[in-house]
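[1] generate a structure from the sequence data that follows.
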Amino acid sequence: MAEKIKYTRRDLKGPDEFLTSFGRAVAWGQENRLRVGAGALAVVAVFALVLGTRAYLQWEENRASRALWPQLNIARELLQSPGEVPAERLASLEQSLEAQIRMHPKTRAAMYARYYLGSIAFLRGNYDLSSTQFRAGIDTGKAAGIMEYLLRQGVAETLEAKGDFSGAAAAYREAAGVAQPDMKAQSMLGEARVLALSGKKAEAAALYRQILRESPETKSRDLIEIQLAQLE
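    Next comes the predicted model:
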């Protein structure tokens with residue numbers, strides 16, 4: 001004989017409560033269909049704005065690259081043999097790069113242009129302008145990989161050329177913090193050099209020894225050993 005299943009009042013009440021709640025939700029949606037529709041449209045608008053902004057920024061990046069890249073190639077070629085470049089040609093290149101930066105600020109191409117402008121200013125001996133250009137390149141937020149290092153190394157070398165050894169030491173340390181292993185030693189050498197120039201011989205010697213420990217095969221080993229001998 002089949003066993004009788006007993007249902008409590010609570011068991012029988014449960015489905016009714018669900019159906020009642022669902023019905024209320026449906027009724028509320030029908031009564032407030034304009035509000036619901038507006039909310040849905042707002043969500044769609046936000047997604048459209050995000051996607052549209054992303055597409056526009058990428059379009060602007062591409063447009064800036066097309067406009068600036070030929071000039072950046074010229075700048076790279078000129079800086080490979082700066083002593084042979086007429087001053088008026090460098091001046092013309094600077095003006096062209098600056099005009100393009102004004103048209104396409106905060107782009108990756110502008111970041112590269114800032115780096116080359118900083119390098120040109122350094123060659124001219126205008127260290128304040130050089131440092132400003134390198135820092136502006138960092139401030140674009142577009143620097144990555146090797147450029148993140150080169151811009152910071154540029155700031156450090158500029159400060160050293162100015163004789164600001166304290167600032168240069170901090171800048172070399174910052175460059176070393178983003179450098180690849182094969183380039184880190186160069187920034188550490190720079191920091192040790194300016195520490196010695198500022199009279200902090202013990203700190204400089206400690207840094208030279210650290211370089212030898214971390215990069216025993218460095219090409220600068222002989223130079224480092226000479227510097228250590230002079231500091232001790």
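
[2] return the per-residue confidence for F18.
    pLDDT, F18: 43.

[3] repeat for I138
    As predicted, I138 sits at a pLDDT of 93.

[4] hmm, it is touching R152, no?
    Yes: between I138 and R152 there is a contact at 6.9 Å, judged by Cβ atoms under 8 Å. C-beta here means a position set from N, CA and C on the backbone, and glycine is covered the same way.

[5] what about the helices in the chain?
    Ranges of helices within the chain are 9-31, 33-80, 87-103, 108-124, 127-139, 146-162, 165-178, 181-197, 201-214, 221-231, based on DSSP state H.

[6] I138 and R152: which has the busier surroundings?
    R152 (25 against 19; other Cβ atoms under 10 Å).

[7] before we move on, back to that, mean pLDDT for the helices of the chain: which is lowest?
    Here the lowest mean pLDDT among the helices of the chain goes to helix 9-31, at a mean of 51.

[8] show me how the protein divides into domains.
    Domains of the chain are assigned by automatic domain parsing as 37-143, 144-232.

[9] against A121, how distant is L93?
    12 Å (Cβ to Cβ, to the nearest Å).

[10] same thing with A169?
    Distance check for A169 against A121: by Cβ to Cβ, it reads 22 Å.

[11] more neighbours: which of the two?
    More neighbours surround A169 than the other of A169 and A121, with 25 against 22 (other Cβ under 10 Å).

[12] contacts only, for the closest residue to S166 other than its chain neighbours.
    Leaving aside its sequence neighbours, S166 sits nearest to S198 (Cβ to Cβ, 6 or more residues apart in numbering; 6.3 Å). Contact analysis of S198 by Cβ atoms under 8 Å, 6 or more residues apart in numbering lists F165, S166, A169.

[13] now those residues as TSV including distance to R193?
    What follows is the contacts of S198, written out as TSV (distance: Cβ to Cβ, whole Å):
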residue	distance to R193
F165	9
S166	13
A169	9
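
[14] closest to R108 out of those residues?
    Relative to R108, the closest of these is A169; by Cβ to Cβ it sits at 29.8 Å.

[15] my guess is the closest one contacts V194. True?
    Yes: using Cβ under 8 Å, A169 is in contact with V194, at 4.9 Å.

[16] picking up where we left off before, out of the contacts of S198, who's nearest E148?
    Distance ranking of these against E148, using Cβ to Cβ, places A169 first at 19.3 Å.

[17] can you tell me how far that closest one is from S92?
    For A169, the distance to S92 equals 36 Å [Cβ to Cβ].

[18] what residues sit buried inside stretch 212-228?
    The neighbour-count check on stretch 212-228 (16 or more other Cβ atoms under 10 Å) flags S215, T218, S220, I224, Q227 as buried.

[19] now render those residues as a markdown table, adding distance to K142.
    Putting these into a markdown table (distance: Cβ to Cβ, whole Å) gives the following:
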| residue | distance to K142 |
| --- | --- |
| S215 | 30 |
| T218 | 31 |
| S220 | 31 |
| I224 | 35 |
| Q227 | 36 |
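
[20] can you tell me which of these is nearest D182?
    S215 (8.6 Å).

[21] check contacts around that closest one.
    Residues in contact with S215, defined by Cβ under 8 Å, 6+ apart, are P181, K184, A185.

[22] so how many other residues sit close to the last one?
    Neighbours of A185 under the rule other Cβ under 10 Å: 21.
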